[in-house]
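*Asks:* missing the sequence, but the structure's below:
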């Protein structure tokens, strides 16, 4: 049985780090998904049970966690489009590095739109 | 009594695996489901976290109001299945990459299959058996249509 490799650094740079980020965000999103289905399933138990648990999602610490979750989802989705283009677009490999910076740019724009709205819902005390 | 000679493929003939190419179907599924999930999840996030009161609006009445409509039942069912299969396959790849011992891989993948089954079965049952107006629940917690008629 082969032992774990001594180092897992591949070639570094944008290609490897976007791969690492894709993996880490996917891993985190998966575990949130498990919890999310379980908490939503409480609607089948009773309105009181669901409201009690979902109430914990509205405190400021969870609100920041949701911002992080949305950031993970947005990056994973945009980089996923980049992966599809690398695989299926004839020039995808040539432009993979440029496309990562496009992903980062679109990510910044989308998060700049989302964060003020979300944080005002969390901290606005509606 | 003639003996049959086994036929041997010529050297350098293309390798043909008799196994079904599950890994290739998995690879295609990750891309197809990923593209669909982008639309499904971005809409999910906009409707639940951006529009209206965002996270502060979410309570039983909000979820029940959505899940009473067939379009959101189908939407959430697709989300549940596609995201769980996409995520479970992703975790499977991660386990294969980092768990070098056979026993460790077996334990981790068993836990993964268990989590997948429990969450998908539970979520599917909730979507199909959900009652937005449960009998005996306080009216102020329910969506408005429960008391309208």
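*Replies:* Arrived safely. Just so we're clear, the structure is a prediction, and the values are computed from it rather than from any experiment.

*Asks:* and the helix or strand bottoming out on mean pLDDT in chain B, is it in reach of chain A?
*Replies:* Lowest mean confidence among the helices and strands of chain B (mean pLDDT, DSSP states H and E): helix B:145-148, at a mean of 78. No: shown here: helix B:145-148 not in contact with chain A (C-beta under 8 Å from any C-beta of the partner chain), separated by at least 10.3 Å. Just so you know, the C-beta spots here come from the backbone N, C-alpha and C atoms, and that holds for glycine as well.

*Asks:* one more: stretch B:94-101?
*Replies:* Yes: against chain A, stretch B:94-101 shows contacts by C-beta under 8 Å from any C-beta at B:94, B:98, B:100-101.

*Asks:* min pLDDT across the residues you listed, which one?
*Replies:* Within those, residue B:100 has the lowest pLDDT, namely 90.

*Asks:* of all residues in chain A, which one is closest to chain B?
*Replies:* Chain B sits closest to residue A:121 of chain A, with a gap of 3.1 Å, by C-beta to the nearest C-beta.

*Asks:* residue A:104: neighbour count?
*Replies:* Neighbour count of residue A:104, defined by other C-beta atoms under 10 Å in any protein chain shown: 15.

*Asks:* which helix or which strand is home to the residue nearest the centre of chain A?
*Replies:* For chain A, the residue nearest the mean C-alpha position is residue A:72 (1.6 Å; C-alpha atoms, centre = their mean). For residue A:72, the host element (DSSP states H and E) is helix A:60-88.

*Asks:* what packs against that helix?
*Replies:* If contacts are counted by 3 or more C-beta pairs under 8 Å, 6 or more residues apart in numbering or on different chains; DSSP states H and E, helix A:60-88 sits against helix A:13-40, helix A:96-123, helix B:22-45.

*Asks:* in that helix, what's buried?
*Replies:* Within helix A:60-88, the residues that count as buried by 16 or more other C-beta atoms under 10 Å in any protein chain shown are A:63, A:66-67, A:69-86.
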